[in-house]
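# my questions concern the predicted model and sequence given below.
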Amino acid sequence: MIDLSHITLTYPDGGEGRLVAVDDVDLSIAGGETVGISGPSGSGKSSLLAVASTLVLPDRGSVRIGDVEATTLDLRGRARLRRERIGIVFQQANLLPSLTTLEQLLVMGELTVGRRRRRSRIDTRIRAVELLEAVGLDGHLDSLPAELSGGQRQRVNVARALMNEPALLVVDEPTSALDRQRGAQLVELVVELTRQYRTATMLVTHDPGVMARMDTTYWMVDGRLAPTRDPSGPNDRDDHAPIERTRTG
Ligand SMILES: Nc1ncnc2c1ncn2[C@@H]1O[C@H](COP(=O)(O)OP(=O)(O)OP(=O)(O)O)[C@@H](O)[C@H]1O
């Protein structure tokens with residue numbers, strides 16, 4: 001469970017003033033729920049992700065991850081919270097080139113002091129193998145990143161993000177480097193794993209097809225977040241006559 005309340009984030013605007021990147025945003029995500037956020041470039045989506053993942057402190061507002069209020073923690077406390085409760089998947093997999101698929105996950109396990117204290121090496125290994133099975137990479141445990149396709153690398157990325165049993169999974173444009181089919185497979189995987197591991201999943205995308213797979217969708221404009229039932233845009237078309245779509249060709 002994650003709860004963002006009245007989040008405002010500003011940056012210096014290069015002059016005397018401040019640019020409001022996130023403007024009084026409220027957002028709650030339950031364990032097992034996927035939330036998609038879309039909107040025009042520069043509307044504040046990445047800034048909101050940065051606040052939710054505690055990489056950036058908001059000017060105002062509250063960020064609750066599980067039962068922890070992140071805005072009261074110092075830099076070290078937030079780093080620890082991220083290690084223990086937050087999984088982050090960026091556009092690029094950023095795997096360590098000299099480590100095998102299995103080792104990418106074991107390293108994460110080693111870093112985690114964890115709510116349950118440090119897991120035994122055996123438990124860490126079991127979880128890593130289990131996750132790699134879940135993402136369909138159990139046949140590639142000993143492969144190096146260079147030996148994997150882009151889609152496979154992104155699946156290692158997702159498995160690695162889940163290594164620490166995160167309460168929150170933050171996913172930024174996961175399909176932008178993948179072709180349509182691999183992108184769709186990756187999103188299905190994120191949806192499945194969200195249910196299986198009961199993470200609160202927050203995903204930013206420009207792709208209406210990806211938005212359509214999310215449980216709840218929001219549209220962001222000028223730092224403000226509005227719920228939408230139409231994954232391709234801000235208009236809630238339920239209030240209007242259904243749009244006839246004609247297929248040609
Ligand atoms: N570090 C920063 N310093 C100053 N301004 C910033 C900084 N990061 C972002 N901004 C500005 O804040 C606003 C929101 O940016 P943000 O990157 O959050 O938007 P976005 O919706 O994620 O865009 P995109 O879809 O292109 O990734 C933009 O006007 C951007 O120029």
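Sure, I can see it.
# could I get the buried residue list for the helix ranked longest in the chain?
Using DSSP state H to define each element, the chain has its longest helix at helix 180-197. Buried residues in helix 180-197, counted by 16 or more other Cβ atoms under 10 Å: Arg182, Gly183, Ala184, Gln185, Leu186, Val187, Leu189, Val190, Val191, Leu193, Thr194, Tyr197. Just so you know, the C-beta spots here come from the backbone N, C-alpha and C atoms, and that holds for glycine as well.
# now do it: which elements does it pack against?
On a contact count with 3 or more Cβ pairs under 8 Å, 6 or more residues apart in numbering; DSSP states H and E, helix 180-197 meets strand 34-38, helix 121-134, helix 150-161, strand 168-172, strand 200-204, helix 208-211.
# out of these, which gets nearest to Leu105?
Taking Cβ to Cβ, helix 121-134 is the member of those nearest to Leu105, at 3.8 Å.
# and the closest one, which residues are buried?
Thr124, Arg127, Ala128, Val129, Leu131, Leu132, Ala134.
# contacts for it, please.
Outside helix 121-134, the residues that touch it by Cβ atoms under 8 Å, 6 or more residues apart in numbering are 101-102, 105-106, 109-110, 119, 138, 140-141, 156, 159, 162-163, 192-193, 196.
# so it versus helix 180-197, what angle?
Interaxial angle, helix 121-134 versus helix 180-197 (axes from the mean of the first three to the mean of the last three Cα atoms, to 10 degrees): 140 degrees.
# can I have helix 121-134 written out in CSV, keeping just the CAs?
Below are the C-alpha coordinates for helix 121-134, written out as CSV (Å, rounded to 0.1, in the frame of the first residue of the first chain):
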residue,chain,number,x,y,z
ARG,A,121,22.2,-17.2,1.5
ILE,A,122,20.1,-20.2,0.7
ASP,A,123,16.8,-18.3,1.1
THR,A,124,18.2,-15.5,-1.1
ARG,A,125,19.1,-18.0,-3.8
ILE,A,126,15.8,-19.7,-3.6
ARG,A,127,13.9,-16.4,-4.0
ALA,A,128,16.2,-15.4,-6.9
VAL,A,129,15.6,-18.7,-8.8
GLU,A,130,11.9,-18.5,-8.1
LEU,A,131,11.7,-15.0,-9.5
LEU,A,132,13.7,-15.9,-12.6
GLU,A,133,11.3,-18.8,-13.1
ALA,A,134,8.4,-16.5,-12.8
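# can you pull out the low-pLDDT segments for the protein?
112-119, 231-249 (pLDDT under 70).
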